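> Sequence first, predicted coordinates after that:
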Amino acid sequence: MKAVVYKGPFEVAVEEVPLPTIQHPADVIVRITSSAICGSDLHMYEDRTAAKAGLRFGHENMGIVEELGSGVTVLKKGDRVVMPFNVACGSCLNCQTNKTAFCTNVNEGFAGGAYGYVAMGPYHGGQAERIRVPFADFNALVLPPGSEHEADFMMLADVFPTGYHGCILSGLKPGESIAVWGAGPVGLMAAYSARLMGAADIYVIDRVPERLALCKKFDGIPIDFSKGDAVDAILKMRGGKEVDRCVDAVGYQAVTQDGKTEQVNIVLNQMVRAVRACGGLGIPGLYVPTDPGASDEHAKLGQLMFPFGKFFEKGLSMGTGQANVKTYNRQLRDLIVAGIAKPSFIVSNEVGLSAAPDAYVKFQKRVEGYSKVILKP
Ligand code: NAD
Ligand code: ZN
């Protein structure tokens, strides 16, 4: 079968690879109908990780169940399913307390597994014609049959629940105000989730006009930080009043006003300024750990400066980490089915699998019209 394979920095290819097979009674094989490219794939594509050539990309996957392991009891052949990007066992302490992003059973004792991702276990990605889904009854969410809402449901694999998780981490309550840093897929989904959760004022900060324009879909207030300090702009609009909640959907690759200079802790600093005393910060944006053996550059990134004194003085709370996609995806699916949520408004285009190398180039360069790409094998 064909699959998107990492070749090295800034290069993927579509190559012939062996078909996946059932390796455990709890596995299923899914024929992929949609697989999205994610901002997180760029961490590997741009050579900031230890990803090795040969890795098959793709952690946002959906399709049709084609083959069942002998121990599968819930899924049936022909079911349309979407897989949370997290691979989870369903029975460790973290899985049983809804922290499926921190499963301790799927990645040699490390907390957390994912498809097609470096250091997240031995699971091939789904930017391919087929994928093996382990612990499948737990890891696949069944969708209504047919092809309706395909692009909406595709967003359930990662960015919609991840954005929603950002709001939950921030402690958002109905009627509160929130500022979201980043209008990439995760930031837009966080701001959109805030709307679904009943937020009042929703500010979205970025410097890419095409992305900020999407705020209109949910009455968000765009803030272009290339034009000036984002926190000053928010406080000015609010007569000096801080917001209740902040979400960081940018992570360690935050850039300064010029759009070029990376400054790892810029968003964290701004959030601590922008939030009211006793407010909350949700951080789904990725920060790299300083694991033993990390390069000097990564070790520096992991030891970022955080304004803890101000954080303490204001009595703030903070939530971080990978999104526990499974914890939210059932309700978010049903909001889509009910016609209340339509997260596919962030999808810019859909292309065949063979167009993946070109799509990666354009997505990485933030070419207009390539903000969220779905690959259709
Ligand atoms: P993206 O790169 O498409 O979007 C990030 C956006 O942030 C860009 O539009 C960029 O212009 C903007 N930005 C840069 N510097 C900024 C600043 N100083 N202020 C405001 N905006 C700024 O990425 P994405 O796919 O939306 O993902 C966002 C982050 O979330 C990434 O770090 C990704 O790895 C992470 N992520 C986390 C999870 C999770 O489970 N926690 C899941 C998916 C993605
Ligand atoms: Zn993703």
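Nice, thanks for sending it over. Ligands and ions are numbered 1, 2, ... in the order given.

> and whichever residue of the stretch 1-150 of the chain sits closest to ligand 2, how far is that from ligand 1?
Proximity of the stretch 1-150 of the chain to ligand 2 (C-beta to the ion) peaks at Cys38, 2.9 Å away. For every residue, glycine as well, the C-beta is placed using N, CA and C. Distance of Cys38 to ligand 1, computed by C-beta to the nearest ligand atom, to the nearest Å: 6 Å.

> Which neighbouring residues are in contact with that residue, exactly?
59-60, 85, 158-159, 185 (C-beta atoms under 8 Å, 6 or more residues apart in numbering).

> so can I have CSV of these showing pLDDT and distance to Val250?
What follows is these, written out as CSV (pLDDT from 0 to 100; distance: C-beta to C-beta, whole Å):
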residue, pLDDT, distance to Val250
His59, 98, 19
Glu60, 98, 19
Phe85, 98, 19
Asp158, 98, 16
Val159, 98, 14
Pro185, 95, 12
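
> and which of the residues you listed is nearest ligand 1?
Nearest to ligand 1 among those: Pro185, at 4.4 Å, using C-beta to the nearest ligand atom.

> Give me the nearest residue to Val361, chain neighbours excluded.
Excluding the flanking residues, the one nearest Val361 by C-beta to C-beta, 6 or more residues apart in numbering is Phe10, at 7.7 Å.

> got the residues of the stretch 1-150 of the chain near ligand 2?
38, 40 (C-beta under 5 Å from the ion).

> residue ranges for the helices of the stretch 1-150 of the chain, please.
Under the criterion DSSP state H, counting those that start in this stretch, the stretch 1-150 of the chain contains helices at 39-45, 93-96, 136-139, 150-154.

> middle-most residue in this structure, spatially?
Val159 (4.0 Å; C-alpha atoms, centre = their mean).

> so how far is Gly315 from the closest residue to that residue other than its chain neighbours?
The shortest distance from Val159 to any non-neighbouring residue, by C-beta to C-beta, 6+ apart, is to Pro185 (4.3 Å). As judged by C-beta to C-beta, to the nearest Å, Pro185 and Gly315 stand 32 Å apart.

> more neighbours, the two?
Pro185 (29 against 10; other C-beta atoms under 10 Å).

> Contact partners for the more buried one?
Contacts of Pro185 (C-beta under 8 Å, 6+ apart): 38-39, 159, 163, 346, 371-372.

> Need phi/psi at Asp47.
Dihedral pair for Asp47: phi 70, psi 40, per degrees, to the nearest 10.

> same check, this time on the one 10 residues further on
Main-chain torsions, Phe57, degrees, to the nearest 10: phi -80, psi 170.

> Burial check on it, number of neighbours?
Close neighbours of Phe57, defined as other C-beta under 10 Å, add up to 28.

> My guess is it contacts Ala114. True?
No: counting by C-beta atoms under 8 Å, Phe57 stays clear of Ala114, with 11.0 Å between them.

> Which residue of this protein lies farthest from its centroid?
What lies farthest from the middle of the chain is Gly239; by C-alpha atoms, centre = their mean that is 33.2 Å.

> distance of the residue of the stretch 251-377 of the chain found nearest ligand 1 from Gly321?
Across the stretch 251-377 of the chain, no residue is closer to ligand 1 than Gly251, which sits at 2.9 Å (C-beta to the nearest ligand atom). Using C-beta to C-beta, one gets 12 Å for the distance from Gly251 to Gly321.

> neighbour count winner among those two?
Each of Gly251 and Gly321 has its neighbours counted (other C-beta under 10 Å); Gly251 has more, 21 against 17.

> and the spatially closest residue to the more buried one that is not a sequence neighbour, what does it touch?
Spatial nearest neighbour of Gly251, excluding adjacent residues (C-beta to C-beta, 6+ apart): Gly285 at 3.1 Å. Listed by C-beta under 8 Å, 6+ apart, the contact partners of Gly285 are 181-182, 186, 248-252, 267.

> quick one on the thing from earlier: my guess is the residue nearest to the centre of the chain contacts Val186. True?
Yes: using C-beta under 8 Å as the test, Val159 is close enough to Val186 to be in contact (5.4 Å).

> By neighbours, which of the contacts of Pro185 wins?
Highest neighbour count within these: Gly163, with 33 neighbours (other C-beta under 10 Å).

> mind checking the SS state of that one?
helix (DSSP: H, G, I helix; E, B strand; the rest coil).

> and the closest residue to it other than its chain neighbours, how far is that from Asp152?
Leaving aside its sequence neighbours, Gly163 sits nearest to Met189 (C-beta to C-beta, 6+ apart; 2.8 Å). Distance, Met189 to Asp152, by C-beta to C-beta: 12 Å.

> neighbour-wise, which of the two wins?
For the pair Met189 and Asp152, the greater number of neighbours falls to Met189 (30 against 21), based on other C-beta under 10 Å.

> shared neighbours of Met189 and Asp152, which are they?
If you check Met189 and Asp152 against C-beta under 8 Å, 6+ apart, the residues they both contact are Pro343.

> which residues sit against stretch 333-343?
In contact with stretch 333-343 (C-beta under 8 Å, 6+ apart) are residues 82, 141, 143-144, 149, 152-153, 155-156, 159-160, 189, 192, 196, 332.

> Now, of the residues you listed, which are buried?
Applying 16 or more other C-beta atoms under 10 Å to these, the neighbour count classes 82, 141, 143, 149, 152-153, 155-156, 159-160, 189, 192, 196, 332 as buried.

> Return the subset of those residues lying in strands.
Using DSSP state E, the subset of the buried ones among the contacts of stretch 333-343 located in strands is 82, 141, 143.

> can you list those residues in a markdown table and add distance to ligand 1?
Below are those laid out as a markdown table (distance: C-beta to the nearest ligand atom, whole Å):
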| residue | distance to ligand 1 |
| --- | --- |
| Val82 | 15 |
| Leu141 | 16 |
| Leu143 | 21 |
